[in-house]
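1. Build me a model:
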Amino acid sequence: MIEFIRPGVSARNARVVLFDFDGTLSLIRTGWVDVMVPMMVEILLELKTGESEEELRALVEDYVARLTGQQTIYQMIELARQVELRGGKPLDPLVYKKMYLERLHEKIKDRREALRTGKAAPDEYLVPGARALLEALKQRGLKMYLASGTDEEYAREEARLLDIDRYFDGGVWGAVDDYKSFDKEILIRRMIEASECRGDDLLGFGDGYVEIQNVKAVGGVAVGVATDEPECKKVNEWKRRRLIGVGADLIIPNYLCLDELMNALFGS
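-> Residues are numbered from 1 along each chain as shown. Got it, this is the predicted structure:
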């Protein structure tokens, strides 16, 4: 179940682990792309530029994918830029973000409510094997951080609903209104500056372009979690190609290969 892109890579010296959230651990927001992309296509179609819906969808899917892992506002900034390029007058990106979140929260409200009321068990909305991996990493004494492109208040609430916030002694971090003041790259830099780890002491897990790129940029080990949501039984080929393209050392579809994964990362 593990694809070794760089055979022999080792995280034996890792002191800190950085996890992305949505798609890497949490499945609460599965289907968010199917909310964001149609909204953006709808907005661009209203400009009546003569471009087909298929052309605009390809354009939007490309930049949404490229910016996945960053704070949601960056995708909305790009939408505003695309509106302007076509002669339209864009709304403030924060307005676009609010529109998107209203649609998304409508889509996922039943999932959050089921978790809140106990009708759904937390592990139903976790990538398979995630909790066992978190337990195993905790037992090794590694400090763990959770960093999300989702707004921090929602990331923290959903981590609590999934009963995984307790694993992250480094904290649960997410998007803030002053979006330039925080991102995953800044968080990694703070870890290193605080002497919590050197770049090559960092282990990262993510299903998006950004977190894998950030971890590899400082010399860390990166596990590409190419989840095919929501079942996460097989590798999503589109995610796999993008994760390999930015330097992922290993590719996995889920964490059910725990023993093999721990041996690959920490074995002698």
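2. Okay, now the unreliable bits of the stretch 101-250 of the chain?
-> Within the stretch 101-250 of the chain, the segments meeting pLDDT under 70 span 181.
3. Could you give the number of residues near residue 208?
-> 26 (other CB atoms under 10 Å). Using the backbone N, CA and C atoms, a C-beta is placed for each residue, glycine as well.
4. Distance check, the residue nearest to it when sequence neighbours are not counted against residue 104.
-> Nearest non-adjacent residue to residue 208, counting by CB to CB, 6 or more residues apart in numbering: residue 69, 3.2 Å away. Going from residue 69 to residue 104 by CB to CB, to the nearest Å gives 17 Å.
5. These two - which one has more neighbours?
-> residue 69 (27 against 20).
6. Give me the buried stretch members for the longest strand anywhere in the chain, please.
-> Scanning the chain for the strand with the most residues, using DSSP state E, yields strand 143-151. Within strand 143-151, the residues that count as buried by 16 or more other CB atoms under 10 Å are 143-151.
7. right, and out of those, which lies closest to residue 163?
-> Taking CB to CB as the measure, residue 163 lies nearest residue 146 of the buried residues of strand 143-151, at 12.9 Å.
8. so where do the strands sit in the stretch 151-268 of the chain?
-> 172-175, 202-206, 221-225, 250-252 (DSSP state E, counting those that start in this stretch).
9. right, and these - which one's nearest residue 27?
-> Of those, nearest to residue 27 by CB to CB is strand 221-225, at 11.9 Å.
10. What strands flank the closest one, and is each parallel or antiparallel?
-> Using DSSP bridges, strand 221-225 pairs in its sheet with strand 202-206 (parallel), strand 250-252 (parallel).
11. Put together CSV for those, with distance to residue 98 and mean neighbour count on each row.
-> Shown next, in CSV, are the strands paired with strand 221-225 (distance: least, CB to CB, whole Å; neighbours: other CB atoms under 10 Å):
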stretch, distance to residue 98, mean neighbour count
strand 202-206, 26, 28
strand 250-252, 35, 23
